[in-house]
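[1] Take this sequence and fold it.
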Amino acid sequence: MGSQFVKKEIGFLNNVQNRWQELLYVFGVVKQFMKGLRTLHFVGPCVTVYGSARFKEDHHFYQQARHISAEIAKLGLTIMTGGGPGIMEAANRGAKDVNGKSVGCNIVLPHEQMHNPYMDKFVNIESFFVRKELLRKYSVAFVIMPGGIGTLDEFFETYTLVQTGKLVRYPIVVLDKPYYLNILQHLDKMIEEGTISPGDKELVFFTDNADEAVTYIKNFFHAYTIGAKDGPRARWILGERNLRSA
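    Numbers count the residues shown, from 1 in each chain. Take a look at the predicted model:
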């Protein structure tokens, strides 16, 4: 099923197709959204942790992600990730270390990315953009750990949505400064050239200290309250269950 959708997605993005093919692709996207919304409807409020799938358990970035996620989970927030290995696994694992809530939105790839075992609930999604929207939808803060192109994509799209007022100004925390030094320098360059405003840099908090990152998120919620994304009540008659009351 995943490979079939990938073929449809390639066709949609690279060719002018007939109307029936276009409509079928759109229906496929709607189906994925409905699947994600149905699965994740009662998981929030969440903090989404982004980062590379390639770091192993003995890497210090893995350990850092596990620590910061455990501390965030202690605040009563659900840890959400892309559901895969590496930083995602570390974050979900950190939440479970302290009996916190842990969920994921895994991507289905041609060479399958297997979901990690540290989640209370997860959903498999075939489209990257559907997955990204679901990861944002239930979150009241975002933690950007070291990662690759996918992590940068998720970071800058979220950053853009906050900058343009399409997303509430929830905390965006970036760890760590040495890894993202070039990004910091480039933001300064864009301010110098006038392509972004000086205040745009303040929308992101850069740090290389996990505890400092947790304090930043905690202070935000002391000021603005966690309830901003409290969801509706689950209805047992529809077979729904609220993860946070489980």
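[2] and stretch 60-73, C-alpha only, in PDB?
    C-alpha atoms of stretch 60-73 as PDB (Å, rounded to 0.1, in the frame of the first residue of the first chain):
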ATOM      1  CA  HIS A  60      25.500  11.800  23.400                       C
ATOM      2  CA  PHE A  61      22.700  13.300  21.300                       C
ATOM      3  CA  TYR A  62      20.600  10.300  21.900                       C
ATOM      4  CA  GLN A  63      21.200  10.500  25.600                       C
ATOM      5  CA  GLN A  64      20.500  14.300  25.600                       C
ATOM      6  CA  ALA A  65      17.100  13.700  23.800                       C
ATOM      7  CA  ARG A  66      16.200  11.000  26.300                       C
ATOM      8  CA  HIS A  67      17.000  13.300  29.200                       C
ATOM      9  CA  ILE A  68      15.200  16.400  27.900                       C
ATOM     10  CA  SER A  69      12.100  14.400  27.000                       C
ATOM     11  CA  ALA A  70      11.900  12.800  30.400                       C
ATOM     12  CA  GLU A  71      12.000  16.200  32.100                       C
ATOM     13  CA  ILE A  72       9.400  17.600  29.700                       C
ATOM     14  CA  ALA A  73       7.100  14.600  30.400                       C
END
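[3] Buried residues in that stretch, which are they?
    For stretch 60-73, the neighbour count (16 or more other CB atoms under 10 Å) marks 61-62, 64-73 as buried. Quick note: C-beta positions are derived from backbone N, CA and C, even for glycine.
[4] so which helix or strand takes in V173?
    According to DSSP states H and E, V173 maps onto strand 172-174.
[5] any idea of the mean pLDDT for that strand?
    Averaged across strand 172-174, the pLDDT comes to 98.
[6] following that strand, which helix or strand comes up?
    Counting by DSSP H and E, what follows strand 172-174 is helix 181-193.
[7] Can you name the next helix or strand after that following helix?
    Defined by DSSP H and E, the subsequent element after helix 181-193 is strand 205-206.
[8] Tell me which other helices or strands the longest helix along the chain touches.
    Longest helix in the chain, counting residues (DSSP state H): helix 19-40. The elements that helix 19-40 packs onto, with contact taken as 3 or more CB pairs under 8 Å, 6 or more residues apart in numbering; DSSP states H and E, are helix 2-14, strand 102-107, strand 121-125, helix 128-137.
[9] got the buried residues for it?
    Residues 25, 28-29, 32-33, 35-36, 39-40 are the ones in helix 19-40 that count as buried (16+ other CB under 10 Å).
[10] For the closest residue to F12 other than its chain neighbours, list the residues it contacts.
    Once flanking residues are discounted, F12 sits nearest to Y25: 4.6 Å by CB to CB, 6 or more residues apart in numbering. Contacts for Y25 (CB atoms under 8 Å, 6 or more residues apart in numbering) come out as 8-9, 11-12, 17.
[11] can you check L24 too?
    L24 makes contact with K8, according to CB under 8 Å, 6+ apart.
[12] circling back to that earlier point, minimum distance to A91: which of the helices and strands packed on helix 19-40 has it?
    strand 102-107 (8.0 Å; CB to CB).
[13] ok, residues contacting that closest one?
    Outside strand 102-107, the residues touching it (CB under 8 Å, 6+ apart) are 36, 40, 43, 46, 73, 78-84, 88, 91-93, 95-96, 113, 115-116, 118-126, 128, 131, 134-135, 243.
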